[in-house]
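Asks: What would the 3D arrangement of this be:
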Amino acid sequence: MISRIATIALSAVLLLSAVPANAQRRDEEIMRLHYECDHGDRAACVRFGIMLGENRDRHEEWRHTHPEFFWWDRH
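Replies: Purely as a prediction, here's the structure:
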């Protein structure tokens, strides 16, 4: 019984630790796409827009940390 609980706990820890790595990779990719888009790569612009749309739950965070991502919303 204890080994089963330990296995479940270890699995939960591994799953939770993978989330920040995925978020970090996504943030690095979106930064790269933003840079490439600013330097004339149209495909990067399209992918950048798609990633912004796919990650609506992170919009508020990105608006504060990277306002240049949302240049069209500036007042």
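Asks: drop to CA atoms for contacts and neighbour counts, all remaining ones
Replies: Noted.
Asks: where does the protein dip in pLDDT?
Replies: 1-21, 73-75 (pLDDT under 70).
Asks: Which parts of it are helices?
Replies: Remark: helices assigned in the chain by DSSP state H are 2-38, 42-54, 59-65.
Asks: got the CA positions of the last one in PDB?
Replies: Taking C-alpha atoms only, helix 59-65 is exported to PDB below (Å, rounded to 0.1, in the frame of the first residue of the first chain):
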ATOM      1  CA  HIS A  59      -2.800  37.300 -21.700                       C
ATOM      2  CA  GLU A  60      -3.000  39.300 -18.500                       C
ATOM      3  CA  GLU A  61       0.400  38.200 -17.400                       C
ATOM      4  CA  TRP A  62       1.900  38.900 -20.800                       C
ATOM      5  CA  ARG A  63       0.200  42.300 -21.000                       C
ATOM      6  CA  HIS A  64       2.100  43.300 -17.800                       C
ATOM      7  CA  THR A  65       5.500  41.700 -18.600                       C
END
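Asks: list the buried ones in that helix?
Replies: 59, 62 (16 or more other C-alpha atoms under 10 Å).
Asks: Residues touching it, excluding its own?
Replies: Contact with helix 59-65 is made by 52, 69-70, as judged by C-alpha atoms under 8 Å, 6 or more residues apart in numbering.
Asks: Turn these into CSV, columns for neighbour count and distance to residue 40.
Replies: Below are those laid out as CSV (neighbours: other C-alpha atoms under 10 Å; distance: C-alpha to C-alpha, whole Å):
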residue, neighbour count, distance to residue 40
52, 17, 18
69, 18, 15
70, 13, 17
